[in-house]
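# Requesting a structural model of the entry that follows:
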Amino acid sequence: MNDQRPYRAIPIDGKEKGKKKFVYGWYFERGKDAYIINNEGFLYPHIAQPPLEKGPTMLCLTEEHFIEVIPSTVGQAIGQQDIHKKEIYQGDLIRGITHSTGLYEVVWCEMWAGFFRKVIEASEYEPNGSELQPLSIDGAKDHEIVQEVKP
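Here you go, the predicted structure:
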């Protein structure tokens with residue numbers, strides 16, 4: 001459909017269908033409330049009739065697609081996986097495996113418009129005073145997720 005990176009968050013009620021910890025989809029705010037729009041099962045590409053091969057897609061949202069979530073738990077996928085091929089999300093705590101064995105939080109940096117690792121626990125190889133460090137395209141493969149975001 002598109003190549004936007006999904007979001008995840010923990011529902012307000014702490015549970016969701018199938019008893020998953022997180023819900024995934026698109027992030028939406030309304031006033032002070034935060035929602036994940038569950039993007040499963042509401043797109044109907046078959047509505048496009050020939051000759052419109054890539055014609056319009058009908059978007060049907062109902063109340064059940066809007067899942068209220070805890071705002072502090074919302075995080076976007078950063079487009080990288082850890083050493084175990086697990087998707088990394090904003091807010092995750094990751095630990096370096098080889099050179100930089102410190103503990104880091106994955107954060108969004110407005111100034112540089114990208115995801116960075118924020119030093120929580122420095123390793124012996126950390127340069128002094130480097131609180132934010134870029135996550136290079138290959139850099140996350142040298143990390144493992146040690147804790148997903150908490151409410």
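# Let's verify residue 5: helix, strand, or coil?
coil (DSSP: H, G, I helix; E, B strand; the rest coil).
# Identify the residues contacting it.
The neighbours of residue 5, taking Cβ atoms under 8 Å, 6 or more residues apart in numbering as the test, are 76, 77, 78, 79. (Glycine included, C-beta is placed from N, CA and C.)
# give me the beta-bridge partners of the residue lying closest to residue 33 once chain neighbours are set aside?
Closest residue to residue 33 apart from its sequence neighbours, by Cβ to Cβ, 6 or more residues apart in numbering: residue 68 at 6.1 Å. Taking DSSP bridges as the rule, residue 68 bridges to residue 35.
# Please verify my assumption that residue 68 contacts residue 11.
Yes - in this structure, residue 68 is within contact of residue 11 by Cβ atoms under 8 Å, at 6.7 Å.
# so where is this structure shaky, pLDDT-wise?
Low-confidence segments of the chain, defined by pLDDT under 70: 1-3, 14-20, 39-60, 125-130, 136-140, 151.
# Break it down into its domains, please.
For the chain, automatic domain parsing gives the domain ranges 7-73, 79-147.
# Need those domains in TSV (columns: mean neighbour count).
Rendered in TSV, the data for the domains of the chain read as follows (neighbours: other Cβ atoms under 10 Å):
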stretch	mean neighbour count
domain 7-73	14
domain 79-147	15
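# measure the residue nearest to residue 33 to residue 36 for me?
Plainly put, residue 68 is 9 Å away from residue 36 if you go by Cβ to Cβ, to the nearest Å.
# try residue 69
With distances defined as Cβ to Cβ, the gap from residue 69 to residue 36 amounts to 5 Å.
# Other residues contacting the helix or strand hosting residue 118?
Assessed by DSSP states H and E, residue 118 sits inside strand 114-121. Where contact means Cβ under 8 Å, 6+ apart, the residues beyond strand 114-121 that reach it are 78, 90, 93-94, 102-109, 126, 130-135, 143.
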